[in-house]
Every structure is written in C-alpha cells, then in structure tokens.
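Asker: attaching a predicted model along with its sequence, questions to come.
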Amino acid sequence: MKIVQLKYLYTSISSENLRKLFTIHFYKNAVYYNVVILKYFLGIWKMSNNDIIHNFDAKTDKTLKILLEQTDCANDCIIIHLEGMVETFNSLFFQEQMNKILDDGYKNLIICADKLSYVSSTGIGNLIFLYRQIKIVGGNLILVNINNSVTEVLKLLGFVSVFTIKNSVEEAFAEINKNNLFSFYANVFPYSFNCPLCKSNLRAPHSGKYKCTTCKSTISISEE
C-alpha cells in the first residue's frame with residue numbers, strides 16, 4: 001500500500017465523499033490506514049527508512065545511525081542524516097547502506113554530518129569510494145554541516161578540496177541544480193547544424209555568434 005497513490009486518490013474526490021469514505025473505512029476497522037493518511041496530509045507522519053528504500057533497516061549498527069529524508073529537489077536526490085561515527089569496525093555497514101541507496105536509483109546525495117562525531121581514515125576512504133561511484137553515474141555528493149573534528153581529519157588527509165562542502169541543505173540544493181543545468185548544456189554542446197543560407201555543415205562549441213565559413217553570414221546560437 002503506497003501512500004503516494006492514496007494521496008492521488010483522496011485528492012481526486014470531493015470533501016463530502018472523502019468524509020463518507022473515512023466513515024466507511026472506520027467501520028471496516030481500517031483505523032490505522034486512516035490515521036496514517038490523515039497524518040500524511042497534516043504533515044505529521046514521516047516516512048521511515050524502509051518506506052523510502054525497501055528493507056533499508058534490515059541491518060543496523062549501534063555506532064552509526066542513518067536516517068533517510070526524501071526531497072523534491074530532484075527525483076534522484078536524497079538527504080542522508082548520519083549520527084555517530086564512521087570508522088574501521090562499521091565501514092562495511094556504511095558501504096553496504098550507501099550501495100542500497102545507489103542501487104535504488106539515487107545519484108545526488110546530501111550527507112548531513114552535524115551529528116557525526118568522528119570519521120577515521122577508513123571512513124574517509126568510504127566517502128572517497130562513494131564519491132567515485134557517484135561521479136561515474138553523473139551525480140553529486142555534498143557534505144553539509146560537518147563539524148570541526150571531521151573537517152580536521154579531511155584537512156589532515158588532504159581531501160578537503162575533493163568534496164563539495166556546504167553550510168546548509170538549501171545551499172546543497174542550489175549546487176545540485178547548478179550542476180544539473182551545467183550537465184544539460186554540456187550534453188547539448190558542441191552543436192552541429194547547417195547554415196540557414198548556404199546549408200554548409202557548421203559546429204558550435206558553445207552558445208554565441210558565429211560566421212559561416214562559406215557564405216560569411218552571421219549566425220546566432222542560443223542555449224534555449
């Protein structure tokens with residue numbers, strides 16, 4: 001039973017029919033689903049990790065808590081809240097959980113590290129590996145609100161410049177949108193076209209004004 005589907009169903013009927021439908025469901029002992037739906041519309045109910053990614057919490061670790069949060073920044077974007085530490089003994093767990101996220105189709109990852117107390121050199125290695133995995137699929141890995149101790153480890157190992165670090169989730173959203181826009185135009189250019197006058201084959205490396213090499217006419221190429 002997917003709440004998203006229920007949301008579409010409930011918003012597509014009138015308020016009177018909605019009241020009747022609630023009444024019918026209550027009398028059919030479906031109180032739980034009505035409460036869930038009501039909380040969803042009121043913004044009280046929040047999706048669990050398993051609601052977002054199937055069986056995500058099938059395996060847990062006492063030293064590292066991972067909380068997933070969906071966002072409408074992009075369909076393939078997810079916010080990951082980390083609490084605890086990432087070190088040698090839980091590095092395999094961390095990597096497995098990140099693989100679940102990537103396997104589910106997410107490629108823009110925002111890691112909120114304000115509650116991350118410690119990251120060892122092994123943990124940094126996990127982040128580097130995750131960064132490389134994401135770059136292969138054309139995504140973004142952004143660290144948000146990292147504390148001083150984690151920053152010092154990054155500086156000590158010389159990896160501060162590798163990661164994109166932002167002060168807030170909103171800044172991370174802006175960075176992802178900017179990178180996605182850049183990727184879009186990177187796929188458009190270089191642009192091959194024919195001269196409108198002499199039909200010569202031309203090539204524009206980026207937007208701007210170009211002069212046809214054959215008829216010398218000026219042609220304007222925009223990003224739109």
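Answerer: Happy to help now that I have it. All of these numbers come straight from a predicted model, not from anything done at the bench.
Asker: in this protein, what helix or strand scores lowest on average pLDDT?
Answerer: Using mean pLDDT, DSSP states H and E, helix 3-11 stands out as the lowest-scoring helix or strand of the chain, at a mean of 40.
Asker: what's the burial count for Asn108?
Answerer: By other Cβ atoms under 10 Å, 26 other residues sit near Asn108. Glycine gets a C-beta too; all of them are placed from N, C-alpha and C.
Asker: any idea what Phe193 is bridged to?
Answerer: In this entry, Phe193 is beta-bridged to Leu202, by DSSP bridges.
Asker: any idea of the pLDDT on it?
Answerer: Phe193 is assigned a pLDDT of 73 by the prediction.
Asker: distance of the residue most central in space within the chain from His206?
Answerer: The central residue of the chain, meaning the one whose C-alpha is nearest the mean C-alpha position (Cα atoms, centre = their mean), is Cys77 at 1.4 Å. Note on Cys77: its distance to His206, by Cβ to Cβ, to the nearest Å, is 27 Å.
Asker: just Pro196 next, same as before
Answerer: When Cβ to Cβ is applied, the distance between Pro196 and His206 equals 19 Å.
Asker: counting contacts, what elements does the strand ranked longest in the chain pack onto?
Answerer: The strand of greatest length in the chain, counted in residues with DSSP state E as the criterion, is given as strand 108-119. Other helices and strands packing on strand 108-119, by 3 or more Cβ pairs under 8 Å, 6 or more residues apart in numbering; DSSP states H and E, are strand 77-86, helix 121-136, strand 140-144, helix 148-157, helix 169-188.
Asker: domains for this structure, by residue range?
Answerer: Under the assignment automatic domain parsing, the domains of the chain span 3-42, 49-187, 189-221.
Asker: now do the buried residues in the last one.
Answerer: Pointing back at domain 189-221 there. Cys195, Leu202, Ala204, Tyr210, Cys212, Ile219, Ile221 (16 or more other Cβ atoms under 10 Å).
Asker: am I right that the fourth one is in a helix?
Answerer: The reference is to Tyr210. No: checked against DSSP: H, G, I helix; E, B strand; the rest coil, Tyr210 lies outside a helix; its state is strand.
Asker: show me what contacts Asn177?
Answerer: Cys73, Ala74 (Cβ atoms under 8 Å, 6 or more residues apart in numbering).
Asker: at 10 Å what do you get?
Answerer: Cys73, Ala74, Cys77, Asn108, Asn140 (Cβ atoms under 10 Å, 6 or more residues apart in numbering).
Asker: chain neighbours aside, what residue packs nearest to the fourth one?
Answerer: Leaving out its chain neighbours, the residue that sits closest to Asn108 by Cβ to Cβ, 6 or more residues apart in numbering is Cys77, at 3.9 Å.
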